[in-house]
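Chemist: The following comprises the amino acid sequence and a computationally predicted model.
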Amino acid sequence: MDWQFLFETFVSLISAIPLTLELAATSIALGAVLALGLALCRLSGILVLEWFARAYVFVFRGTPLLVQIFLIYYGLGQFPEVRHSFLWPFLREPYWCAVLALTMNTAAYAGEIIRGGLLSVPFGQIEAARACGMPGLMQFRRIILPLAIRQALPGYSNEMIAMVKATSLASIITLMEVTGVAAKIISQSYRAIEVFIVAGAIYLTINFLLTRLVHLAEYWLSPHLRQPVPYHPAAASVSPLEGNAR
C-alpha cells in the first residue's frame, strides 16, 4: 500500500467535498419542500391532485436516477421551447441539471415517507387542538407537522444518506465532485483501488456525521424518550437555607 499516494489522493479529493455537500444539501432541502407538497396532495382528497402525486411518485421511483439525469441534461435541450425560455440559463448548466434531477428524485421517495408520518399522527392530538380553538393552519404548524417529522425522521434519514451517495452520479455530466475527481485521478494514475478506497472513506465519514446529526435531531424532537434525572432523597431533603449556608 502506497501511503504517500493515498495521502496525495486524499488531499486532491478534499477539494471536491464542498461541491458534494452543496449538491446534497440543496437537493435535500428543495426535495423536502416538494415532498411535503406531494404528501399533502396525496392526502388532500382532491382527485386531480391525488392522481398527479401518484403518477409523479410512480415515474420517479420506477426509473433509475441515472436515466433521469441524462434526460434532464441532454434531453431538455432538444426542445426549442426550452432553449428559448427563461429557464435555459439554468438548464444548460450541469450543476442545476444535477440539482433538478436529484431534487425530483428524492421528492418522490421523501413524499411517501412524509405521508406516512402525517398519517401516523394520533387523531386525538388533532381533536385536542380543535377543542382548544386552534385554526387549521395552526393545527398543522404546531401539532401535526412536528409530530409527523418526528415519526418520519428515521426513515427520512435513510433517504438523506442515499442522496449523499447519489451525488456521485453528477460526475457523468462533468461535475467534479468527489467521484468526478476520483475518476480523473484514476485516468491519470491507473490506480483505481487506492483512489476508490479513499473516495469511499470520504463518503463514509460524511454519512457518519449525517447520522449523528439526525440522532441529535431525534433526541431534540423526542423529550419523552429522554432518560429522567435521577431522584436523590438526601439532596431533596436539604432546605434552600441549609444549601446556602453550606
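Modeler: Okay, I see it.
Chemist: tell me the helices in this protein, going along the chain?
Modeler: 3-14, 17-43, 47-62, 65-70, 80-83, 88-91, 94-119, 123-131, 136-139, 145-166, 178-189, 192-221, 233-236, 240-245 (DSSP state H).
Chemist: other SSEs contacting the fourth one?
Modeler: Applying 3 or more Cβ pairs under 8 Å, 6 or more residues apart in numbering; DSSP states H and E, we find helix 65-70 packed against helix 94-119. Every C-beta, even on glycine, is put in place using the N, C-alpha and C of the backbone.
Chemist: average pLDDT across the helix it packs on?
Modeler: Averaged over helix 94-119, pLDDT sits at 93.
Chemist: helices and strands around it, which ones?
Modeler: helix 17-43, helix 47-62, helix 65-70, helix 88-91, helix 145-166.
Chemist: Any chance of CSV for these, columns mean neighbour count?
Modeler: What follows is these, written out as CSV (neighbours: other Cβ atoms under 10 Å):
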stretch, mean neighbour count
helix 17-43, 19
helix 47-62, 14
helix 65-70, 16
helix 88-91, 13
helix 145-166, 18
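Chemist: out of these, which comes closest to Ala183?
Modeler: Closest to Ala183 of those is helix 17-43 (Cβ to Cβ; 13.6 Å).
Chemist: now the closest one and helix 3-14, what's the angle there?
Modeler: Per axes from the mean of the first three to the mean of the last three Cα atoms, to 10 degrees, the angle that helix 17-43 makes with helix 3-14 is 50 degrees.
Chemist: the inter-axis angle of helix 17-43 versus helix 94-119?
Modeler: Angle, helix 17-43 to helix 94-119, by the same axes, to 10 degrees: 40 degrees.
Chemist: Now do helix 17-43: distance to the chain's middle.
Modeler: Centroid separation between helix 17-43 and its chain, computed with Cα atoms, centre = their mean, to the nearest Å, is 6 Å.
Chemist: now do stretch 137-156
Modeler: 16 Å.
Chemist: next one: stretch 83-101
Modeler: On Cα atoms, centre = their mean, the centre of stretch 83-101 falls 21 Å from that of its chain.
Chemist: looking at the helices of the chain, which is closest to Ile172?
Modeler: With Cβ to Cβ, the closest approach to Ile172 among those belongs to helix 65-70: 6.8 Å.
Chemist: what about that closest one, average pLDDT?
Modeler: On average, the pLDDT along helix 65-70 is 94.
Chemist: who touches it?
Modeler: The set of residues external to helix 65-70 that reach it, using Cβ atoms under 8 Å, 6 or more residues apart in numbering, is Phe60, Cys97, Ala98, Ala101, Leu102, Met104, Asn105, Ala166, Leu169, Ala170, Ile172, Ile173.
Chemist: Once you drop chain neighbours, what's closest to the fourth one?
Modeler: The shortest distance from Ala101 to any residue that is not its chain neighbour, by Cβ to Cβ, 6 or more residues apart in numbering, is 4.4 Å, and that residue is Ile69.
Chemist: Turn the helices and strands packed on helix 94-119 into JSON lines, including distance to Val121.
Modeler: Converted to JSON lines, the helices and strands packed on helix 94-119 look like this (distance: least, Cβ to Cβ, whole Å):
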{"stretch": "helix 17-43", "distance to Val121": "11"}
{"stretch": "helix 47-62", "distance to Val121": "19"}
{"stretch": "helix 65-70", "distance to Val121": "31"}
{"stretch": "helix 88-91", "distance to Val121": "37"}
{"stretch": "helix 145-166", "distance to Val121": "5"}
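Chemist: I appreciate the help and will end here.
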